[in-house]
Every structure is written in structure tokens, then in C-alpha cells.
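Asks: sequence unknown, structure follows:
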């Protein structure tokens, strides 16, 4: 691992994207998303995804220029054809279109199809919250999760993000509906470590503690029957609204060659009243200091941990695997990925 | 237990409410909600709540006449002051106001304060779905759930319901964000049976298997840290939007004397396109028949089980505890509750 200044990573990564034909503002958006994941200690959603973004551009399954085509199905329902654009570019353009509509009318929704991977969903939720509005964001993914009582991957990891203004910083929930991520299983496999028995099934649908077997199988839903039901609700909601592919038909969220046919649904709600936010802020503070099972530790509030890690990273820089940093530098110099 | 014809229960219960000053259409709404819970095998949300509704009217913390006062904060954001009305009466009036707005513009939202208990949230979600639209419904409750890593009840059981049109019947998710209900703990206490160790904490915040001790303590959130974060997001979202009480300040969802100051948030989204619903229907059918961990059993899809039980109940009638049936009959005859 190599420790790097944030701005060095940023500039080199933007250059790498520019060489692949990404306009400067789009390159900044894509890099800021990936960098933010690094800053928040979530490298699985970080710069390791940059080479794949560039491969997808080279392979013709990502259009680096488009921001997506917008069509208002009705006054408050935005249909977006992402046109195989960069995930965060299309997503931010949709959110930018929703913001004034929500401000004016109270609430607006976008359903997006034909868009690339969004990355860390909390990034978008936090941006909406910082602008004073509320965000409810859903996105689907390739089937990796088995149903509760099932033996085969039938659902995406289907994260939800909820962002809301709060003091001292936004309330930001960002969670997948799988019990663990496929990245965590890959990490265990790489270290040849067993996984807990309830994490995953093997390719035949049997419980396994072998991380290598689990890589070919399916992840458990979080929260047993309830978490499964929730992830399933998101899967069907996104397709019902966007017309995106569903279940095992979803492709292109993990590789460099398939068109990404998952869907995204964004709901933006107008700013809550200041007095209501005051009640929420006081409650969250009471919650943080309520009796803890781990004496001396505060109760966790979504958004707090990410902000803490971010403050440290901004000061100390970010560490990247040396090979990844070399790859990004090669891409910035125009060498093949 | 006594087995009764559904219509006998319905008529007697409506009479009991009428005697307490509830106008006929409101009495029908309230009874149909409670009866539907019985029909779906969820007696904790059923007729046992009827005497308490009537007590609340007698105690002046439920106005049986009002449907709530509606004020559009903006064109698509409905503020509702429930005026201490009957929970389902105020809720249905709000949903009726949202439906045409969602049809016309794509999406609309209502934030409700000062309303009584809603009961089984799935009932409303199913009604919206049967009318062809999508419902996302939240409601809060008295603090019964401890934070993940906490020792004291700080959150409501904060259920979510999602309803969506589907074939052969609507997709209806209805789940609380507590691991179990306080009703399940009371059931164990009544039978002097221990509860599993991870269900609840005692009043001092220590893990307990004693159901009696758990009754005075707090319920675990479902789904560990993720489920806690989600329940918390609903808690803050409802207060931010409605201005209702939050956390330990919430009262009146469990007793007969306190004004009910929790909040409700309803989002209604316009009907999805038919072709999208076709994809969803085909997927749900594939899911039901995907490999099962319990050979011969279908994979569960939210809404299926309730419909199955309902069909049986409609045929065979419903069983009520004899004492409850006697109480309802007494109330219908005008005897004291």
C-alpha cells in the first residue's frame, strides 16, 4: 500500500479519464465519487473501479459524454434514458433536474434505465441533504443474493440511501440489502480464510464456510425474512418504475463488457421545516449519548462514522495498493490498461 | 376461543363503535381494518384493539368524527393535522387526497401528525396497489426498540409498508423494524416461556431470556446494525416531514389515555406501465419457483401468505377469545367497556 495526497490521486485519475475521452466536468464527477469512497474508508467502492470504467468506455458499453436523455412522464415524474452514460454523471443530472421540481412542488421522482454503475449511493444522498433537501435513492445490481428460504442468487444487493439535513452534518443512511458484500467474500478468499456459516451458500445452494465456494454461490439477505422482503421490494419497485431488467437478467454491474441494464429510482423531497429539523437534531444527540453496550462509546448514527473517517483521511491522505496506483498512472500516461 | 362468521363480528363491532359516537362510514373503516388483520392471521392488530379505540373516544383522546384537516404545503405535499381522529379514517382521507395528485403529476406525499394508531399498515398499501398505484408508507410508534449497541428503548417499532400492483395479487410488504413485536414478548410472558437471548434487553439494558423482564425493557432492532439504521432513518424522516414527536417523547400508541403524537408519512406514486408490471410479474413467478431450501415449498413473496390465510379465513370464519367477543357484544349493547 502506498500513502498518497488526495489531490495527487484526484489529478492523475482525472487525467486518466480525460485520455479515455471523458469531458473534464464528467471526469471530475466520476473521480470525486470514487475518491470520496476512499476518503470514507470504503475502498471497495473506490479507485479500484477506475480501470474498469475506462475499459467499459473502450469496450463501447459506456458513453463518456452523455448525461442521459430526460423526458418528464408527467410534471413530477422524470424518465431518464441513461444512454450508457457514466453512472454518476447521469445520476447527478437527474438529481439536478429533480431539485427545483421538489422545491417548487414538494416532491419529485426519477426512474433511470440504461445507466452505468452508481458506486457509493450515500455520496448522492449526502449531496442532496447538504443542499437542504431529502433524498430516497434506490439502485439494483446483478443477482448475488438468495431469497430467504432459497438456494440461488435471485436478487441484487439492492442498496438504499436516505439523506436528510441534520446538525452537525447530514443524516446519511447507505446500506445494501445483502448480509455482506461480495467484496468481503472475495477478501476472505484472497486470504484463504473461512467465512461465517450464515453468510453465503455455494453454487449448489448449500451453506458453506469456504469463501472460494461462496464466490460462485450466493450471499444471504440481511435481516433474515424481513431484509429479504425489503431487498425484493426494492428490486420490483425499481423495475416497475424504470423498466430496467430484473433479477437474473441484470448484467453489466460487475464486468467490463456487458451493457449495464439495472435501474435507479431517486425521490427528492423538499426541505423540512427548520423547527422539525431542530427536533431531529436534539433527538440524534440524545440518541448518541443514550446508554451504550460498550461503555465510553457513543451510539452510532448513520453518517457520523463516515464523517469521522473522512476528516482523518483528508488530513493524512489515502492509501492505495501500489499496483492500482501504477495502473492509474499508466492510464494517465496513455499506456494500455 | 370461539369461531364466528365474519359478518357477525363486523356488524357487532360497527354497532359498538356507533354507540361511542362514531359515524357509520368511519365505524366501517375502523372495523374493516381490524377485521382484515384477523382474516390475515394477525390478531395482535385485530379486534382486541377495538375496546381501546372506544376507551380512547370516551377519554377524549380520539375524535370519532374528524377526517383531519388538509393543507397543501405545496402542490404535491399534503400536511395533515389529524385532529386526534380515528387512525384509519384520517389515513384513508389523506390517501384519497394523494391519489388524484399522484395520477396527474406522478407522485405526491402526505405528512400526518396528531393522528391515532394506524393498525396494520399493509391494509392501506394493499388498497393503493389494488387501485393501480404504488404506496410507500411509514408510521412511528412509542420507543420500544434499542439502538444497535445500545441498552435502552430509543426508537419506535417503525414499520414500513410498500404496495405495488402485481399478478395474481398485489405485492405487499408490511414489516416493523423491530426484531420481534412487543406482542410476541407478552405472549411468551403469559405462557411463562423464555425468549431467545437476542430478542430483547431488560430494564437495565442487559440481555435477558425472561419474557417478564423483557416486557419492561427493550426489543432488539431487526437485521443488526443495518436494521437499526433503517428504523432510525424512518424515525427521523417522519418527524422531519410531519413535525410529530420523536423517540422517547412519542406517547399514546399503546394506552387509552395519552394523546397520540406519533407521525405518519405516505408517498403515492402513479401506476407503473403495464409492460413493466409484466416483467415484475414474470420475475415474481420465477422467484416463487426458484430452488427452495425446503423442498416442495415455494419461495415466499410478500403478500402471498396473507392472501392464502385470508382465503381460508373468509371460508372458515375467524376465531376470537370468548372474553373479547363478550366485551364487544357488551359495548354494542351499551354496557360499560
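Replies: Looks like it came in fine. Model, not experiment: these values are computed from the prediction.
Asks: Where do the strands of chain A begin and end?
Replies: Ranges of strands in chain A, per DSSP state E, are A:2-4, A:69-74, A:77-85, A:107-115, A:134-139, A:160-164, A:171-175, A:200-201, A:218-219, A:263-269, A:318-320.
Asks: Next, format those as a markdown table and append mean neighbour count.
Replies: The way it works is simple: take the backbone N, C-alpha and C, and place the C-beta from them, glycine included. As requested, those are exported to a markdown table (neighbours: other C-beta atoms under 10 Å in any protein chain shown):
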| stretch | mean neighbour count |
| --- | --- |
| strand A:2-4 | 13 |
| strand A:69-74 | 14 |
| strand A:77-85 | 22 |
| strand A:107-115 | 28 |
| strand A:134-139 | 26 |
| strand A:160-164 | 27 |
| strand A:171-175 | 26 |
| strand A:200-201 | 28 |
| strand A:218-219 | 24 |
| strand A:263-269 | 26 |
| strand A:318-320 | 19 |
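Asks: give the contact list for the spatially most central residue of chain A.
Replies: Taking C-alpha atoms, centre = their mean as the criterion, residue A:120 is the residue nearest the geometric centre of chain A, at 2.6 Å. The contact partners of residue A:120, by C-beta atoms under 8 Å, 6 or more residues apart in numbering or on different chains, come to A:33, A:36-37, A:40, A:42, A:45, A:174.
Asks: can you tell me which residues contact residue A:290?
Replies: So residue A:290 contacts A:299, B:147, B:150-152, B:154 (C-beta under 8 Å, 6+ apart).
Asks: Look up the pLDDT of it for me, please.
Replies: Looking at residue A:290, its pLDDT is 97.
Asks: and it, backbone torsions?
Replies: phi -70, psi 160 (degrees, to the nearest 10).
Asks: Pull out the buried residues from stretch A:292-303.
Replies: Neighbour-count burial for stretch A:292-303, counted by 16 or more other C-beta atoms under 10 Å in any protein chain shown, picks out A:292-293, A:299-303.
Asks: Tell me where the stretch 151-300 of chain A has helices.
Replies: A:182-190, A:211-215, A:224-242, A:274-288 (DSSP state H, counting those that start in this stretch).
Asks: Switch the ones you listed over to JSON lines; also include mean neighbour count and distance to residue A:200.
Replies: Listed next are the helices of the stretch 151-300 of chain A as JSON lines, based on neighbours: other C-beta atoms under 10 Å in any protein chain shown; distance: least, C-beta to C-beta, whole Å:
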{"stretch": "helix A:182-190", "mean neighbour count": "17", "distance to residue A:200": "6"}
{"stretch": "helix A:211-215", "mean neighbour count": "19", "distance to residue A:200": "4"}
{"stretch": "helix A:224-242", "mean neighbour count": "26", "distance to residue A:200": "14"}
{"stretch": "helix A:274-288", "mean neighbour count": "17", "distance to residue A:200": "33"}
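Asks: Dump those helices to a markdown table, plus distance to residue B:189.
Replies: Below are those laid out as a markdown table (distance: least, C-beta to C-beta, whole Å):
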| stretch | distance to residue B:189 |
| --- | --- |
| helix A:182-190 | 39 |
| helix A:211-215 | 40 |
| helix A:224-242 | 23 |
| helix A:274-288 | 28 |
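Asks: Please list all residues in contact with the closest residue to residue A:243 other than its chain neighbours.
Replies: In this structure, residue A:243 finds its nearest non-sequential neighbour in residue B:276, 4.8 Å apart by C-beta to C-beta, 6 or more residues apart in numbering or on different chains. Applying C-beta under 8 Å, 6+ apart, we find residue B:276 in contact with A:239-243.
Asks: same deal with residue A:293?
Replies: B:149-151, B:205.
Asks: that older thread, just the closest of the contacts of residue A:120 to residue B:164, please.
Replies: residue A:174 (23.7 Å; C-beta to C-beta).
Asks: Tell me where the stretch 101-250 of chain A is predicted with low confidence.
Replies: Along the stretch 101-250 of chain A, no part satisfies pLDDT under 70.
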